[in-house]
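Undergrad: following is a predicted model, sequence given first.
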Amino acid sequence: AQSVTQPDIHITVSEGASLELRCNYSYGATPYLFWYVQSPGQGLQLLLKYFSGDTLVQGIKGFEAEFKRSQSSFNLRKPSVHWSDAAEYFCAVGSSAGGTSYGKLTFGQGTILTVHP
Amino acid sequence: EAQVTQNPRYLITVTGKKLTVTCSQNMNHEYMSWYRQDPGLGLRQIYYSMNVEVTDKGDVPEGYKVSRKEKRNFPLILESPSPNQTSLYFCASSWGAGFYEQYFGPGTRLTVT
């Protein structure tokens, strides 16, 4: 069964500092990987996604993520955080086509980001 | 405007009283899905639908039912709600499963007393 672990429940950074949010996944084949962001009281919005190709993917709002197969990781990064980035971030893994669970999407527990001025 | 709508947005009910949360999308998406969000557990998939009349269980389907009779609608049914179903529920839709971006509704906060 597929699974996602986000080891950090809560991260606090200062505005302008760099950010890295960790995500580790478990999946038997090449996974679909996603990062979503949820602002307070809102639904989720896709930041970026990865399936194949260049292992460094660019997303919206200046975010990027790097896929490392050897570490089963898909960490999210941003070089300089803005106060508006304060939100909850979710990593997710989707089942690839051909599998019995195609259509399933499994989310991590989420990481709450607080930004200090 | 392209959107996923859910109704109601807030609901307080009592144990055992059947309820339905509606979900509708206007993007002609084939794939739809329901999630519940609980603190510390992230989002967990309840059911998903690959197309009309095609539904399948997610990770936490117990106590829930769904139907997909029309492409645009995917209601979530709780036949006999219990307090452990108190949660924030999200509906989402996309062009397909796998690599497609999911578009989320605004959420329904359900309290079962």
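TA: Received, thanks. Because the structure is predicted, anything quoted here is derived from the model rather than measured.

Undergrad: remind me which residues of chain A are low pLDDT?
TA: A:97-100 (pLDDT under 70).

Undergrad: list the contacts of the closest residue to chain B within it.
TA: Relative to chain B, the nearest point of chain A is residue A:43 (3.6 Å; CB to the nearest CB). From N, CA and C alone the C-beta is placed, and that goes for glycine too. For residue A:43, the contacting residues are B:4, B:90, B:104-107, by CB atoms under 8 Å, 6 or more residues apart in numbering or on different chains.

Undergrad: cutoff 10 Å now
TA: By CB atoms under 10 Å, 6 or more residues apart in numbering or on different chains, the contact list for residue A:43 reads A:36, B:4, B:6, B:90-92, B:102-107.

Undergrad: what's the closest of those residues to residue A:76?
TA: Proximity of the contacts of residue A:43 to residue A:76 (CB to CB) peaks at residue A:36, which lies at 10.3 Å.

Undergrad: sorry, back to before: can you pick the most crowded of the contacts of residue A:43?
TA: For the contacts of residue A:43, counting by other CB atoms under 10 Å in any protein chain shown, the largest number of neighbours falls to residue B:91: 29 neighbours.

Undergrad: tell me which element it is part of?
TA: strand B:87-94 (DSSP states H and E).

Undergrad: in its sheet, what does that strand sit against?
TA: Strand partners for strand B:87-94, identified by DSSP bridges, are recorded as strand B:31-38 (antiparallel), strand B:103-104 (antiparallel), strand B:108-112 (antiparallel).

Undergrad: redo those strands as TSV? Include mean pLDDT.
TA: Compiled in TSV, the strands paired with strand B:87-94 are given as follows (pLDDT from 0 to 100):
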stretch	mean pLDDT
strand B:31-38	96
strand B:103-104	94
strand B:108-112	98
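
Undergrad: how near is the residue of chain A closest to chain B to residue A:8?
TA: Distance of residue A:43 to residue A:8, computed by CB to CB, to the nearest Å: 23 Å.

Undergrad: please name the nearest non-neighbouring residue to the residue of chain A closest to chain B.
TA: Spatial nearest neighbour of residue A:43, chain neighbours left out: residue B:104 (3.6 Å); criterion: CB to CB, 6 or more residues apart in numbering or on different chains.

Undergrad: show me what contacts the one you found?
TA: Applying CB under 10 Å, 6+ apart to residue B:104 gives the contacts A:36, A:38, A:42-46, B:3-4, B:6, B:33, B:35, B:43, B:90-94.

Undergrad: ok, residue B:18 next?
TA: Contacts for residue B:18 (CB under 10 Å, 6+ apart) come out as B:77-81.

Undergrad: mind checking which of those are in strands?
TA: Among these, DSSP state E puts B:77-78 in strands.

Undergrad: can you flag the buried ones in the contacts of residue B:18?
TA: Burial by neighbour count, judged by 16 or more other CB atoms under 10 Å in any protein chain shown, picks out B:78, B:81 from the contacts of residue B:18.
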